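Student: Here is my input, please return the structure:
(chains A and B)
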Amino acid sequence: MSPEAHSAPRSLAESLRMRDDASLAALLRSRPDLITPVPTDLTQLATRAGTRASVLRALERLDAFALQTAEALAVAPDPASYSTVLGLMAGNTGDETVAAALPRAIGTLREQALVWGDDEQLRLVRTARELLAPSAQHPSPTGLGPTVQEATSGMSPGRIQEIVTAAGLTSTHDSVSAVAALTARFTDRKTMSALLAEAPQASREVLSRLVWGPPYGQVTPDPAAHLRWLLDRGLLLPTAPGTVVLPREVALHLREGLAHRAPEPLPPAVEPAATHAPQVVDATAAGQAYTALATVEDLLKDWDEGGPTVLRAGGLSVRDLKRTAVALDVPEPVAAFWVELAYAAGLLASDGEADERYAATPAYDEWLERPPAERWARLAEAWLTATRTPGLVGGRDAKDRTLSALGPGLDRSAAPEVRHRVLTLLAGLPQGTAPSAESVLARLRWERPLRGQAKDAPRERSRAWGSDGGDDDLRSRLARWTLSEAEQLGITGRGALSAHGRVLLGAPAATPATSAASATSTASATSAGSGIPEPFGAPGASGPGDKLPVHHRPAAPVEPRSPAEQAVATTAAARLLAPLLPEPLDHVLLQADLTAVAPGPLQRPLAAMLDVLADVESKGGATVYRFTPASVRRALDAGRAAADLHAFLTAHSRTPVPQPLAYLIDDVARKHGHLRVGAASAYVRCDDDALLNEILADKRAAALRLRRLAPTVLAAQSDPATLLEGLRAMGCAPAAESAEGDVLITRADAHRTPPRTAPEPVPEGPPPPDGTLLSAAIRAIRAGDLAATAPRKTAGAPLAGGKLPRTSSAETLATVQAAVLTGGSLWIGYVNAEGSASQRVIAPIRVEGGFVTAYDHTADEVRTYPLHRITGVAELADD
Amino acid sequence: MPRVNGPLIVQSDKTLLLEVDHERADDCRRAIAPFAELERAPEHIHTYRVTPLGLWNARAAGHDAEQVVDALVQYSRYPVPHALLVDIADTMDRYGRLTLSKHPAHGLVLTTTDRPVLEEVLKSKRIAPLVGARIDPDSVVVHPSERGQIKQVLLKLGWPAEDLAGYVDGEAHPIELLEDGWALRPYQKQAVENFWHGGSGVVVLPCGAGKTLVGAGSMAQAKSTTLILVTNTVSARQWKHELVKRTSLTEDEIGEYSGTRKEIRPVTIATYQVLTTKRKGVYPHLELFDSRDWGLIVYDEVHLLPAPVFKFTADLQARRRLGLTATLVREDGRESDVFSLIGPKRFDAPWKEIEAQGYIAPADCVEVRVNLTDSERLAYATAETEEKYRFCATTETKRKVTEAIVRRFAGQQILVIGQYIDQLDELGEHLDAPVIKGETSNAQREKLFDAFREGEISVLVVSKVANFSIDLPEATVAVQVSGTFGSRQEEAQRLGRVLRPKADGHQAHFYSVVARDTIDQDFAAHRQRFLAEQGYSYRIVDADEILAEG
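Tutor: So this is what the prediction gives:
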């Protein structure tokens, strides 16, 4: 079957070498970290594929069953045959579904280069084995304990012989054969069954408590009889004083051979929650799409005259978000979504001024000019590809800072992939079918059981809005947000993916032909139900049990497409959506209760005028406007005359203008402008009109910019002093007037400051030190001197006194390793995480994984230093 | 593809806009009436509001969420937002999770079909004192005396309980309708039927639509002793008069329990005022509720029910209760107490519909704007805030305009309604008409009303004492010169004075005289908006026009 079946490879590199190009391409596609940078040869590729970071990443991308299979391999002997793995996965009873799904899982693991070797000798990559195998520190998800051999490795030969004898086996000369005999006995089902049949009831209960893990238990120094029975026969093995463990072989026997309590060979099906007519779904989605456009417009119109200020740390303040939510009449999380969406679509940004504010971008004005469907497409595309996740707004980051809308820390690189995946799952359902959110989440969890697990969630204090399950992992929360955001955006309607949503996703648009709908939908339903993660475009390409060569198996997650592909899909979606969007109207209905109802979206100029002339009372499919004296006055202030308003209303009303409304406009217009307000910086008053006439007529008065307000009053644009001077120059004798109208006597008060203290003298240097300070300073200087002059051996380059030692990293490693062996002390230069350099004297104890564990003489405790932060080392003189 | 032909538009704030001229408007109205309250009914687009109370009313009337959602989806012009449908379904689902019922052994019990809900409400501090022992995981004993209280609290917690605990029959008493030469109108019959079927609840009918007869009809159904609570003595007399005329009850069977008389008979009519009289910190007349084994309690003008009566009503949950009102709107916002203590709405017919059936007369509503004189304007500007309304409401010009209106309709039955006694006295003097005010004795009032009815007097000046429950069949013109600020419900009552069908087919006229550019005008705007929302077109004219005609 597979090429490596003919001659067994001896290493991962060798097995990679045997693969064909397509298979290698599949590997590199699913583990792109392996080709950055491109490895020089396959050995290097194999080495890289075996590094901890890369293996971890690969494991995270496994689906639940493949991961379970890998876990089973980790508890199986190395190498293990296919039948061994099958036994562990399917159990003694041989679960059919598991048996059918296993080849695919093994295939996945092979493709990902996590497993190599032929079916007789399957080997899990060593790093993966280390990661997945159970140990006391990292209990395995299988709940299995160590093998007999591992558990007895630290045991005295005498004790082992005791156990072997108690178990009824003949004692042997050496521990190795004794352990082998014990293992053989535990793996022999017949004798085990017989042995357990004799077990006292209480002992059996103990076993049943430990069988599914955790396999460790506590015992008193003087165990009860039923425990003693188990201990005597080696069914429980002591690991540490007071602790016993159930050996893996015994547990497997009790579990009927199963490595997992519940193997999950099949992905959970996405359950339909409700089914609606596809037309209803499309219409609802289209309605929501239109609302989305209106909301974004409302938002930016609201911010037209100076949007909210940008916080110093970036983002929108909580108060501004609240205000926006009120203005949009939506809950705050939804407001955050719209704000982020507009931001992601490039319609809004910070203006970058000194007093930084958010405002619409020039792109917004262009966007406004586009037809509605295109406007929607832009929003939808921005949403689909954005890594910013509005759902996090209101939560807290790792440093317990509030995450604010438009602020930093909202990017989650998994977001586009999850959005795409969720929508693809929706696309897998028949048209008009809305899934239950729980089943979508369950499916996503199955596909990536390790990803995003509890790593982000607890730190982000997931009290972020919108997450009802506070303990959800990031992917589940992203999926929840995706479902609700897709609805807001009109990609889904009543929970089901709309036709334009399908096209947006790049799914075949042709499926929906209504005549064929039932047939296709059942087909896709079954494939979704049988649940192999399938890329779109290849529905049902693989099924359980198919044994295609690994590289032909579709890669599990489909990466979001290239921008160009996405643009094509988006345009197609917009074309499909366009006819569903309501046509803007050119009329409203006026009513006697002083309201105007626009029974649908209005043409832009009409809407703009009504916005000025009336207050919006309710929004939705229609808009209800209310005319109030204040709103009419606003229109008059905006330069409209009463006659304009009457003409406007008559032109756009489908019904006669009600008398009270006409009366209202006239009544407000009658009073409008009755009082006039202006600014003047000084005035001239005089009881003699003739004198004022004279002044106005005088050419020299032009500079004073005088205007007659009343027969006896002139207003001036110049300040009182200039005015006085000007008038005097013209030969008048004006007197200044106070605010109360009294004549002001010009006799200035002497100018005084507020109370002030006299300046303190500034001496040349610090005050002379006293005795105590001096002696303390000297003591400190001497101590420092001693440390700097301690004799040390120089390694490599001679050291300039007191400077940090500098050595190459190879030298550093060698010196440190040598010091571990000799137990000597080293003088190191060290740069901490904040970048500040220090010198320390350490006695290395252990070097592993890039870290030095050492006794730090400087700090007087054991510390761990990353090797790469050590700038250099020097051996200290032995004395 | 979008169905642009529906008559209904669903707004995001849960109001529903119904286009009345649409061919399917009537069907749609019938479909949404059970769960949506008609909020405004101007000429083209009616506004309905979907509230939790409305949805629960619908549940109580046996409608389920599916019907509501169907109605919205079927008639909506634009797709209905999914979130709104979900919200409606969720809200409706809350009703009936808890039920109050009779347990053979434990008496009154609160049971649930959803255990977490019961757990949730039992955790509330306000529920704890009202319940007793837990019988089983799904039910808990309720002290019988707290039946009303617990319903009130549960409603506030958002989990309204369905009351299935039934009613006591009360002391039987034969009552029949005497339908000689008249009959209950179809909508009245429907109202009685809906009420009786529902057990307890409120019937909403416009003024003049014959609420008293709905009361009489319900009494004839109950055939038991009845306690009728009304707003004042005049109203009590009218109830008595009407009952004697329309039913088999005789004068002797009907007692009046008021400030002047304390009769307790098989049918007793009591005023709210006497019930809420407090002496030395106690309500001495409360025993009335326990004085007989009442089978039915009728609350007239539920929207005016004083707060203490709510408290007593909470203790009367085992008796059938009928609320009658023209509007569920309470100026104090205690609609939820009406829902939980008296019962859900059982019948509702908007004015326009009954008017269309010819049972009430259409009215011509006119607002007359008068100008204050210059000296009055100055005085108004300097008046204390609390004096301002009184000042502008009683301007001199109003008197002249009122006189002009009265002159114009000379020979017709005219009511002049106002708030301030001085103003009314002065008007009475100028119009040469009797004035009815708080100090007018009941005997005198009835005498004047009778004279007005007979046509002996054609103009009557009344203060707000006549706002409620007086029946003046032949008034064709009402002129209101001042009112209680912007009270919408007062406006409804006053308009009701002229809405009775006129024998001679005269059109009814309803004039409000308002001082321009003052708070009087603001209040008037509030009241006029109410009229317009009720579907009454109104005009605004300047005082000069009226004066010129007069």
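Student: low-scoring stretches of the stretch 201-350 of chain B, by residue?
Tutor: By pLDDT under 70, the weakly predicted segments of the stretch 201-350 of chain B are B:329, B:331, B:350.
Student: Helices along that one, start to end?
Tutor: B:211-222, B:233-246, B:272-275, B:287-291, B:307-314, B:335-337 (DSSP state H, counting those that start in this stretch).
Student: Now tabulate those helices in TSV and tack on distance to A:Arg104.
Tutor: Every residue, glycine included, has its C-beta placed from N, CA and C. As requested, those are arranged in TSV below (distance: least, C-beta to C-beta, whole Å):
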stretch	distance to A:Arg104
helix B:211-222	73
helix B:233-246	84
helix B:272-275	79
helix B:287-291	77
helix B:307-314	67
helix B:335-337	60
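Student: Tell me which of those sits most buried.
Tutor: Of all the helices of the stretch 201-350 of chain B, helix B:211-222 carries the top mean neighbour count, a mean of 23, counting by mean count of other C-beta atoms under 10 Å in any protein chain shown.
Student: which residues touch the residue of the stretch 101-250 of chain B found nearest chain A?
Tutor: Residue nearest to chain A within the stretch 101-250 of chain B: B:Pro116 (14.9 Å; C-beta to the nearest C-beta). With contact set as C-beta atoms under 8 Å, 6 or more residues apart in numbering or on different chains, B:Pro116 has no partners.
Student: ok and the residue in the stretch 401-550 of chain A nearest chain B?
Tutor: Ranking the residues of the stretch 401-550 of chain A by distance to chain B (C-beta to the nearest C-beta) places A:Arg494 first, at 4.5 Å.
Student: Can you say which of the helices of the stretch 201-350 of chain B is nearest to B:Lys447?
Tutor: helix B:233-246 (11.9 Å; C-beta to C-beta).
Student: need the residues of the stretch 451-550 of chain B near chain A, please.
Tutor: With C-beta under 8 Å from any C-beta of the partner chain as the criterion, the stretch 451-550 of chain B meets chain A at residues B:Asp517, B:Gln528, B:Arg529, B:Ala532, B:Glu533, B:Ser537, B:Tyr538, B:Arg539, B:Ile540.
Student: For PyMOL, what selects the buried ones among those residues?
Tutor: Of these, the buried ones go into a single PyMOL selection, burial set by 16 or more other C-beta atoms under 10 Å in any protein chain shown:
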select buried, chain B and resi 517+528+529+532+533+537+538+540
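Student: Which of the residues of the stretch 451-550 of chain B next to chain A fall within helices?
Tutor: B:Gln528, B:Arg529, B:Ala532, B:Glu533 (DSSP state H).
Student: wait, what's in contact with the first one?
Tutor: B:Gln528 sits next to A:Pro660, B:Cys365, B:Glu367, B:Ser512, B:Tyr538 when contact means C-beta under 8 Å, 6+ apart.
Student: Could you check how far it is from B:Glu367?
Tutor: Relative to B:Glu367, B:Gln528 is positioned 6 Å away (C-beta to C-beta, to the nearest Å).
Student: overlap in contacts of the two?
Tutor: Common neighbours of B:Gln528 and B:Glu367 (criterion: C-beta under 8 Å, 6+ apart): A:Pro660, B:Ser512, B:Tyr538.
Student: and the first one, how many neighbours does it have?
Tutor: By other C-beta atoms under 10 Å in any protein chain shown, the residues close to A:Pro660 number 23.
Student: residues from chain A in reach of chain B?
Tutor: A:279-280, A:282-288, A:291, A:329, A:487, A:493-495, A:579-580, A:582, A:589, A:591-595, A:597, A:599-600, A:618-622, A:624, A:655, A:658-660, A:663, A:671.
Student: Just the buried ones out of these, please.
Tutor: A:279-280, A:282-288, A:291, A:329, A:487, A:493-495, A:580, A:582, A:589, A:591-595, A:597, A:599-600, A:618-622, A:624, A:655, A:658, A:660, A:663.
Student: In helices, which of these fall?
Tutor: Using DSSP H, these in helices are A:279-280, A:282-288, A:291, A:487, A:660, A:663.
Student: Now do stretch A:27-45, average pLDDT.
Tutor: Mean pLDDT, computed over stretch A:27-45, is 79.
Student: what's the answer for stretch B:165-173, then?
Tutor: 83.
Student: Between its first and last residues, what's the separation in it?
Tutor: In stretch B:165-173, first residue to last residue: 23 Å (C-alpha to C-alpha, to the nearest Å).
Student: List the buried residues in that stretch.
Tutor: B:Ala165, B:Tyr167, B:Gly170, B:His173.
Student: again with stretch B:516-535
Tutor: Across stretch B:516-535, burial judged by 16+ other C-beta under 10 Å covers B:516-521, B:523-525, B:527-535.
Student: Same question for stretch A:827-836.
Tutor: A:Trp827, A:Ile828, A:Gly829, A:Tyr830.
Student: Which two of these have the greatest separation?
Tutor: Checking the buried residues of stretch A:827-836 with C-beta to C-beta, the most distant pair is A:Trp827 and A:Tyr830, at 10.3 Å.
Student: can you list residues touching both of these two?
Tutor: A:Gln839, A:Arg840.
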